[in-house]
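S.K.: sequence plus predicted model, see below.
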Amino acid sequence: MNIAADVAAAMDDLGLGDEFSYDDLLAAMQSRQERPLTIVDCAELPPREGINALWLPTERVDVVLCVPTDSALHRQQFVLHELAHMLLNHGDDLLVDPCDVLFPDIPPATLRRLLRRQHLDTEPEILAEALADRLAAAIRGSAAHESRFSEIFG
């Protein structure tokens, strides 16, 4: 596993450069996936399992479920981690039939299928978290750049 190379390749494939906004990233992901992306707060995610977010890919829409949090940055990191799984093509075997998912209740079979990714010491999880951190840095860089522009040019 070459984390730096894999993260750099995923960033290059994204095609947004080194700095971009969160909204730019969401739009790029929808374009890349060729289907809408929906992000939903879901208090029913099992905190005892350490699950902060889940990506449910379907043929028509990608859904990211997040545990509710008061911190916008914390929530964003949860979403970025799931977007990283998308960018890294980690969900090829996770396609969910939309009929299986009734919000906010997730059928036990679907949840078990997705909980395979709860082990944070696996290669896919390490790589997804590294890419999520890189995405967050790019978003922070964009925000800092916009702030500097406003300071200089008003």
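M.R.: The structure has been received and is ready for your questions.
S.K.: would you enumerate the residues in contact with residue 85?
M.R.: 55, 91, 117, 124, 128 (Cβ atoms under 8 Å, 6 or more residues apart in numbering). Glycine gets a C-beta too; all of them are placed from N, C-alpha and C.
S.K.: next: residue 136.
M.R.: Contacts of residue 136 (Cβ under 8 Å, 6+ apart): 76-77, 80.
S.K.: now those as TSV including secondary structure?
M.R.: Converted to TSV, the contacts of residue 136 look like this (DSSP: H, G, I helix; E, B strand; the rest coil):
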residue	secondary structure
76	helix
77	helix
80	helix
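S.K.: quick one: average confidence on stretch 83-93?
M.R.: Across stretch 83-93, the average pLDDT comes to 84.
S.K.: correction: stretch 31-50
M.R.: 84.
S.K.: report the buried residues of that stretch.
M.R.: 33, 37, 39, 42, 45 (16 or more other Cβ atoms under 10 Å).
S.K.: how about stretch 126-134?
M.R.: In stretch 126-134, counting by 16+ other Cβ under 10 Å, buried: 127-132, 134.
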